[in-house]
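A.B. asks: Give me the fold of what follows.
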Amino acid sequence: MSSADLRKTLRLCLADHDRRLKELLRPQRILRGSFHQVYTRCGKANCWCAKARSGHAHTRLTWSEGGTFFTRKVPTAEREQVARLTNRYRQFRGQRGQLSTSQMKIQEGLDRYEKALIREVRRALAFLAFPSRMSAKNKRALQTRRSRKNQTM
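C.D. replies: Below is the predicted model of the structure:
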């Protein structure tokens, strides 16, 4: 791929990256945690839940901070709001992952672009070009140096 094509590709990746970043940076309210309904028994001997398969239904919010897990019962009046806020958090995390993927694509594109630029300059400078059919004598005469990594192998 030519350097001009790689520039176009990089510009498209940057535009996508900027769009995703703007989405993430817009003001929004999010709440970290897992919101779910659980069933528990109250522990009273005369309660119906003592003999039933499942207990009383209620909703919980569970999250961790600094390696410690927290669980809180969510009041009935707050259930809808907490569900909406935790859904937004999951969307936010998904968008963040897409942004990271976009950054990796940009980095890979820059690497390919750098190699293409170097390849184009080497082609233009005849003394740096590697002929496709080089004699064995000329190959030995070509001054190269192995990296330390290759010398140990």
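A.B. asks: Phi first, then psi, for the spatially most central residue of the chain.
C.D. replies: Taking CA atoms, centre = their mean, the centroid of the chain lies closest to Gly97, which sits 3.1 Å from it. Dihedral angles phi and psi of Gly97 (degrees, to the nearest 10) take the values phi -60, psi -40.
A.B. asks: how close does it get to Asp5?
C.D. replies: Plainly put, Gly97 is 28 Å away from Asp5 if you go by CB to CB, to the nearest Å. Placement of C-beta: from N, CA and C, glycine included.
A.B. asks: same question for the longest strand seen in the chain, mean pLDDT?
C.D. replies: The strand that spans the most residues within the chain, counting by DSSP state E, is strand 56-65. The average pLDDT for strand 56-65 rounds to 92.
A.B. asks: Just checking: what are the partner strands of it?
C.D. replies: Using DSSP bridges, strand 56-65 pairs in its sheet with strand 34-40 (antiparallel), strand 68-74 (antiparallel).
A.B. asks: Give me the three-state assignment for the residue of the chain positioned farthest from its centre.
C.D. replies: Here the centre of the chain is the reference, and by CA atoms, centre = their mean the most remote residue is Asn46, at 52.2 Å. Assigned with DSSP: H, G, I helix; E, B strand; the rest coil, Asn46 falls in the coil class.
A.B. asks: If I look at it, what pLDDT would I see?
C.D. replies: Reported pLDDT for Asn46: 91.
A.B. asks: same question, Leu128
C.D. replies: Note for Leu128: predicted pLDDT of 69.
A.B. asks: same question, Arg145
C.D. replies: According to the prediction, Arg145 has pLDDT 61.
A.B. asks: between the helix or strand hosting Glu80 and strand 68-74, how big is the angle?
C.D. replies: Using DSSP states H and E, Glu80 sits within helix 79-124. In terms of direction (axes from the mean of the first three to the mean of the last three CA atoms, to 10 degrees), helix 79-124 departs from strand 68-74 by 140 degrees.
A.B. asks: For helix 79-124, which helices and strands make contact with it?
C.D. replies: helix 3-25, strand 34-40, strand 56-65 (3 or more CB pairs under 8 Å, 6 or more residues apart in numbering; DSSP states H and E).
A.B. asks: Mind doing that once more with 6 Å?
C.D. replies: Helices and strands touching helix 79-124, by 3 or more CB pairs under 6 Å, 6 or more residues apart in numbering; DSSP states H and E, are helix 3-25, strand 34-40.
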